[in-house]
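J.: Need the 3D shape of this:
(chains A and B)
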Amino acid sequence: MGILNKQDDPFGSGNIIITGVDTLLNWSRLSSLWMMGFGLACCAIEMMAASASHYDIGRFGVIPRPSPRQSDMMLISGTVTLKMATRTKILYEQMPDPKYIISMGSCSNCGGPYWEHGYHVLKGVDRIIPVDVYVPGCPPRPEALLEGLMKLQDKVRRQSIARTAV
Amino acid sequence: MTNQEIFDTLKATYGGAIGSFHEQGGSAYMKRTSSYADIVEYSQIAQICQYLRDEPTLEFDNLNCLSCDDNGDKTLSVIYHMESLKFKHHFAFKVTVPIDHPVVPTVTRVWASANWHEREGWDMIGIQFHGHPDLRRILLDDDWEGHPLRKDYKEPEFYRGMKVGY
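T.: Numbers count the residues shown, from 1 in each chain, chains lettered A, B, ... in the order given. Coordinates of the predicted model:
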């Protein structure tokens, strides 16, 4: 991708951007990962800290949306109880493709401290929905969440949603 | 009034329905808030609570906590903690019921705040509060089987198609 300045512009007036379709689409997609805005447990507090001005997750283009229909990414921020798991799956199914999941914290990764005696806890959210990035920690600090988000951006950057010419 | 004096007043009024008094050890605060009396005749607890609330020298107008317990010897317990906001004194009592017939009269008509506490007691331990206006599960989903804080609870292998174990 490159911007030609006006002086060297061979096509007359106005700037021209030369890029690939995938590069452009992926760049726009990874720079505006709208987030399904919901919190499940104490990890949600760290998610809020990451959203606030000090860590400012908004500079990555992450905007919390109040509806799964408008979201690209779902952040599973906390303990997924069996009661909530049913709802989480419905919310995931309501999101439009392409959609991504970040599993935040030990509880949603593998059950965390509830692995043995948690009769009400789903031992890992990947048992019901596919997870793209796991962020370890109990709870993870906002920096760890931002690292996970950048990992997800790397993943989006490598994908291709344009149809290839035969 | 001290807890012993409250107990003596109660014993003088209800006699045989009241069992022994257990002074809690530890700090003065623990002594004051956690010393409890056994109630032998648990069919009378609604009347006893009404008396504790309405007697001008006692005036227990606030039910701090209603908790339930599985004693592990085929009995379940309900523990009532109360305080008087006017006199600043505390009292607690405990009823014990057999596990195969865990029926205790409700105290929601005495303290409305007992409503959700009793629902939690039903949900977790399975005590049936006779006369409760709306005895549904409060934390777990309606289709949950069993009462998970009982000692003999076995967690199910699957819940709604989701594996529960680690």
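J.: And residue A:20, its phi and psi?
T.: Here is the backbone geometry of residue A:20 (degrees, to the nearest 10): phi -90, psi 160.
J.: separation between it and residue A:161?
T.: Using Cβ to Cβ, to the nearest Å, residue A:20 is found at 12 Å from residue A:161. Where you see a C-beta, it was placed from the backbone N, CA and C, and this is true even at glycine.
J.: Please apply the same query to residue B:110.
T.: 64 Å.
J.: if I've got this straight, residue B:122 is in a helix?
T.: Yes. Assigned with DSSP: H, G, I helix; E, B strand; the rest coil, residue B:122 falls within a helix.
J.: Nearest spatial neighbour of it, chain-adjacent residues omitted?
T.: residue B:135 (5.5 Å; Cβ to Cβ, 6 or more residues apart in numbering or on different chains).
J.: How much space separates the one you found from chain A?
T.: 19 Å (Cβ to the nearest Cβ, to the nearest Å).
J.: On the strand side of things, show who the residue nearest to the spatial centre of chain A bridges to.
T.: Nearest residue to the geometric centre of chain A (Cα atoms, centre = their mean): residue A:73, 4.0 Å. Assessed by DSSP bridges, residue A:73 has beta-bridge partners residue A:35, residue A:100.
J.: Residue B:130 reaches residue B:107, doesn't it?
T.: No. Using Cβ atoms under 8 Å, residue B:130 is not in contact with residue B:107; the gap is 10.8 Å.
J.: and those two? which has more neighbours close in?
T.: residue B:107 (28 against 12; other Cβ atoms under 10 Å in any protein chain shown).
J.: so where do the strands sit in chain A?
T.: A:2-3, A:17-18, A:35-36, A:64-65, A:73-77, A:100-104, A:133-135 (DSSP state E).
J.: count of neighbours near the residue of chain B found nearest chain A?
T.: Closest approach between chain B and chain A, counting by Cβ to the nearest Cβ: residue B:155, at 4.3 Å. A total of 13 residues lie near residue B:155 under the criterion other Cβ under 10 Å.
J.: check contacts around it.
T.: A:119, B:148, B:164-165 (Cβ atoms under 8 Å, 6 or more residues apart in numbering or on different chains).
J.: How about residue B:13?
T.: For residue B:13, the contacting residues are residue B:51, by Cβ under 8 Å, 6+ apart.
J.: and it, helix, strand or coil?
T.: helix.
J.: What distance do you get for it to residue B:44?
T.: For residue B:13, the distance to residue B:44 - Cβ to Cβ - is 11 Å.
J.: end to end, how far does stretch A:76-88 reach?
T.: End-to-end distance for stretch A:76-88: 9 Å, by Cα to Cα, to the nearest Å.
J.: Flag every residue of chain A that's near chain B.
T.: A:82-83, A:85-86, A:111, A:115-116, A:119-120, A:122-123, A:127-128 (Cβ under 8 Å from any Cβ of the partner chain).
J.: Max pairwise distance over these: which two?
T.: The two members of the residues of chain A next to chain B with the most space between them (Cβ to Cβ) are A:86 and A:116, at 22.8 Å.
J.: so which residue of chain A comes closest to chain B?
T.: As assessed by Cβ to the nearest Cβ, chain B sits closest to residue A:119 within chain A, at 4.3 Å.
J.: where does the chain dip in pLDDT?
T.: Because you didn't say which chain, this covers chain A. Low-confidence segments of chain A (pLDDT under 70): A:1-16, A:164-166.
J.: Give me the longest helix you can find in it.
T.: Taking DSSP state H as the criterion, chain A has its longest helix at helix A:142-158.
J.: how about it: buried residues?
T.: The neighbour-count check on helix A:142-158 (16 or more other Cβ atoms under 10 Å in any protein chain shown) flags A:142, A:144-146, A:148-149, A:152-153, A:156 as buried.
J.: And the residues you listed, which is closest to residue B:7?
T.: Out of the buried residues of helix A:142-158, the member with the shortest distance to residue B:7 (by Cβ to Cβ) is residue A:142, at 53.2 Å.
J.: Got the phi and psi for residue 79?
T.: Reading this off chain A. Dihedral angles (degrees, to the nearest 10) for residue A:79: phi -70, psi 120.
J.: nope, chain B please
T.: The phi/psi pair for residue B:79 (degrees, to the nearest 10) is phi -120, psi 130.
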